[in-house]
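Student: Compute the structure for the input listed below.
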Amino acid sequence: MATVHLTRAGSALTAAVLGAGVALVAATAQARVRGYPPELTATALIALLVVVLGLVLAIRYMRSRLQVTAEVRPDPHLAFRLFVLGKASVLGGSAVVGVYLALAAQRLSSQHGSADRHQLLLAAAGVVAGLLVAVAGAVLERSCRDPGGPPGPPVPQDESAWAPTVTGEVDGELPRIAVRPTP
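Tutor: Model prediction:
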């Protein structure tokens with residue numbers, strides 16, 4: 001079986017920097033074309049909070065399934081899907097933090113007056129909402145680990161010598177993906 005690792009802090013930081021870069025380019029382009037920077041709305045913040053709520057419900061589900069008994073394990077396919085959702089949430093939440101930080105920085109450097117205070121508050125709330133998504137995603141990733149599962153195969157020193165191969169027959173179930181050395 002292949003081993004999937006938790007999201008590293010460096011990956012989240014890279015997503016935040018990329019999000020900030022994209023936001024600065026897009027906001028600068030809009031400011032040059034329209035004459036004013038993009039307006040932030042509360043709708044995006046509400047959507048982010050709904051995402052956080054969904055992640056919290058997934059965390060509660062996984063923790064309740066793992067705490068019932070050691071004999072009743074959650075569905076491994078569902079656990080893997082929730083793990084990938086957590087990983088995507090960490091990276092997406094980090095990108096959202098970068099976007100809102102870049103928009104806040106652009107607002108601080110602009111000369112538009114009192115309307116900027118409201119936009120700065122929305123940007124600050126967006127940063128907090130992005131952090132909540134990233135943290136909830138990281139907690140979901142960690143809650144999807146199987147504490148009683150067998151350890152995975154050892155990771156080889158030369159990763160180029162290993163390739164994923166599909167093993168087994170498909171009889172109404174998903175095929176198992178194993179990592180074996182290539183000849």
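Student: and Ala42, what is it in contact with?
Tutor: Counting by Cβ atoms under 8 Å, 6 or more residues apart in numbering, Ala42 touches Leu122, Ala125. The C-beta positions use only the backbone N, C-alpha and C, and glycine is treated the same way.
Student: please redo it, this time with the cut-off set to 7 Å
Tutor: Neighbour list for Ala42: Leu122 [criterion: Cβ atoms under 7 Å, 6 or more residues apart in numbering].
Student: I'd like to know how far it sits from Ala129.
Tutor: Distance of Ala42 to Ala129, computed by Cβ to Cβ, to the nearest Å: 10 Å.
Student: what's the answer for Leu103, then?
Tutor: 13 Å.
Student: cool, and Leu108?
Tutor: Look at Leu108 and Ala129: by Cβ to Cβ, they are 19 Å apart.
Student: Between the two, which has more neighbouring residues?
Tutor: More neighbours surround Ala129 than the other of Leu108 and Ala129, with 22 against 10 (other Cβ atoms under 10 Å).
Student: Now that one: which helix or strand?
Tutor: In this assignment (DSSP states H and E), Ala129 forms part of helix 115-143.
Student: Need the residue closest to the centroid of this protein.
Tutor: Of all residues in the chain, the one closest to the mean position by Cα atoms, centre = their mean is Ser89, 2.1 Å from it.
Student: So that one, which state does it fall into?
Tutor: Here Ser89 is helix, with the state taken from DSSP: H, G, I helix; E, B strand; the rest coil.
Student: How about Pro74?
Tutor: Under three-state DSSP, Pro74 comes out as coil.
Student: And it, how far from Ala42?
Tutor: Relative to Ala42, and taking Cβ to Cβ, Pro74 is found at 36 Å.
Student: what's the answer for Ala27, then?
Tutor: Taking Cβ to Cβ as the measure, Ala27 and Ala42 are separated by 18 Å.
Student: Leu49 too?
Tutor: On the measure of Cβ to Cβ, Leu49 and Ala42 end up 10 Å apart.
Student: Ok, Leu101 next?
Tutor: Note on Leu101: its distance to Ala42, by Cβ to Cβ, is 18 Å.
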